[in-house]
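K.L.:
build me a structure from this.
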Amino acid sequence: MKRRMSREEYYRRKKLQRRRIFWFIVVPLIIVIGLGAYGVHSLIDKFGNDTPAVSAGGSEEQAQTQEDAESEMAASQKLDRLLEGMTLHEKVSQLFIVTPEELTGSEGAVTAAGDVTRARLKEYPVGGVIYFADNLVSKEQTQSMITRIQGFAKDDIGIPLFIAVDEEGGVVARVADNLGTTKFQPMFTYRNDGAEKAKSNAKTIASDISELGFNLDFAPVADTWSNEANTVIGQRAYSDDYSQAADLVSAAVKGFHSGGVACTLKHFPGHGDTAEDTHEGSAYVNKTLEQLESEDFIPFVAGIKAGADMIMVGHITVPAIEAMPATFSSAVIQDILRGELRFKGVVVTDALNMGAIANTYSQADAALKAFEAGNDVLLCTGDLEGAVQALENAVNTGVITEERLDESVRRILKLKIDRGIL
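P.N.:
Have a look, this model is predicted:
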């Protein structure tokens, strides 16, 4: 016969059941919900598991980081193999971007790539070719010329060329003016239309020239038009305000990349305040370094942060830094551009056959001095044979170390790999 529970015992047992339900059902349920809310990996990690906490997004980021590291390693190994297989002459030649006339020795405008081009390219395996208005007759002719010379480089040298053009839009538009691609007003005209317009314009320019075979544009202009007497830059600049120019130049860099070409900031350390034209002779910027840092450098810094591939050094003399054209100034290139602004890309001279240089220096001397100052690419030398020989002699006599030469060649080849040229 069962004993009847007293009222007190009944409530005591009910209370015990509720405690068991709480501890064995409710608490585990709270823990499960907590795991879902805060991430099982973080809780496990908190309590001493050796496996690091990684969310789903973190796993993807880690995978991407690993993929980037592997890609970087593969590119580095490819560069090592290329450099090891290159002769001194091939390395030195890779420093030059020349016109087809400079390459072939032709006195007239070159509008095709034939046997002479191929033979000279074998003799002087340059890093690239730049085309001007006289070389561009029609879209079909331009595409054929570029396809053929690029084919020669791939087949005979194994290193494709930079195919370059000055296509800024506005007054400097070799392709648009001659081949009927999209025409633009000077970039200064769009200064108040915002960064998206600057990006869109650049993307259109890049897409237009990329379809023809160009892979490098010597644009955008990163100078700020700060001197009304300046006519060589003028409305080629994106703005007359340093901060606005920085925003627009940064956007343009992204636009050029979206359109499929490498791009170049020009003309460091800033050509917007000069009164003279370096095409004709010497030009001066009479500012202190502190003024340049707080003014003219601003768009260049923005362009560097946006990922600009090259920076073109102008033939501008800044007496407060060094009493010589910036092209020849290690203080401008090594100390400021490389050191202070931390630019790691390719540094290219402005054309060495311009008056600011050619009026005073031989083309061979100019090429050597520019390279010694820290430039990687030597543009438009009027004496390819003499310039190449001068640099080879400098390496052979120890004036330039082969390690210094390899630094520049490596930057050039890396850019070609990064932009899918090589």
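K.L.:
contacts, neighbours, all on C-alpha from now
P.N.:
Noted.
K.L.:
and stretch 208-228, end to end?
P.N.:
Stretch 208-228 has its terminal residues 32 Å apart, counting by C-alpha to C-alpha, to the nearest Å.
K.L.:
check the offset of that stretch from the chain's centre.
P.N.:
Mean C-alpha position of stretch 208-228 versus that of the full chain (C-alpha atoms, centre = their mean, to the nearest Å) differs by 12 Å.
K.L.:
any idea of the mean pLDDT for it?
P.N.:
Taken as a whole, stretch 208-228 carries a mean pLDDT of 97.
K.L.:
please begin residue numbering at 10 from this point
P.N.:
All set: I'll call the first residue 10, so the last point we hit is now stretch 217-237.
K.L.:
which residues in the stretch 210-359 of the chain form strands?
P.N.:
In the stretch 210-359 of the chain, strands defined by DSSP state E, counting those that start in this stretch lie at 225-226, 271-277, 292-293, 319-322, 325-327, 331-334, 355-358, listed in chain order.
K.L.:
where among those is average confidence lowest?
P.N.:
Per-segment confidence across those bottoms out at strand 292-293, which has a mean of 90 in mean pLDDT.
K.L.:
what packs against it?
P.N.:
Counting contacts by 3 or more C-alpha pairs under 8 Å, 6 or more residues apart in numbering; DSSP states H and E, strand 292-293 is packed against strand 325-327.
K.L.:
show residues contacting the strand it packs on.
P.N.:
278, 280, 287, 291-296, 332-336 (C-alpha atoms under 8 Å, 6 or more residues apart in numbering).
K.L.:
closest to Val135 out of those?
P.N.:
Each of the contacts of strand 325-327 was scored against Val135 by C-alpha to C-alpha, and Thr336 proved nearest at 20.4 Å.
K.L.:
and the closest one, what is it in contact with?
P.N.:
Taking C-alpha under 8 Å, 6+ apart as the criterion, Thr336 is in contact with 322-325, 342, 358-359, 379, 382, 384.
K.L.:
go again with 7 Å.
P.N.:
Counting by C-alpha atoms under 7 Å, 6 or more residues apart in numbering, Thr336 makes contact with 322-324, 358, 379.
K.L.:
do His276 as well
P.N.:
Each residue near His276 by C-alpha under 7 Å, 6+ apart is listed here: 230-232, 321-323.
K.L.:
can you count the residues close to the nearest residue to Val180 once chain neighbours are set aside?
P.N.:
Counting by C-alpha to C-alpha, 6 or more residues apart in numbering, Val180 lies nearest to Pro195, which is 6.2 Å off, once chain neighbours are set aside. By other C-alpha atoms under 10 Å, 19 other residues sit near Pro195.
K.L.:
who's in contact with Pro195?
P.N.:
Counting by C-alpha under 7 Å, 6+ apart, Pro195 touches 178-180, 244-245.
K.L.:
please redo it, this time with the cut-off set to 6 Å
P.N.:
Counting by C-alpha atoms under 6 Å, 6 or more residues apart in numbering, Pro195 makes contact with 179, 244-245.
K.L.:
got a pLDDT number for it?
P.N.:
Note for Pro195: predicted pLDDT of 97.
K.L.:
many thanks, we can stop here.
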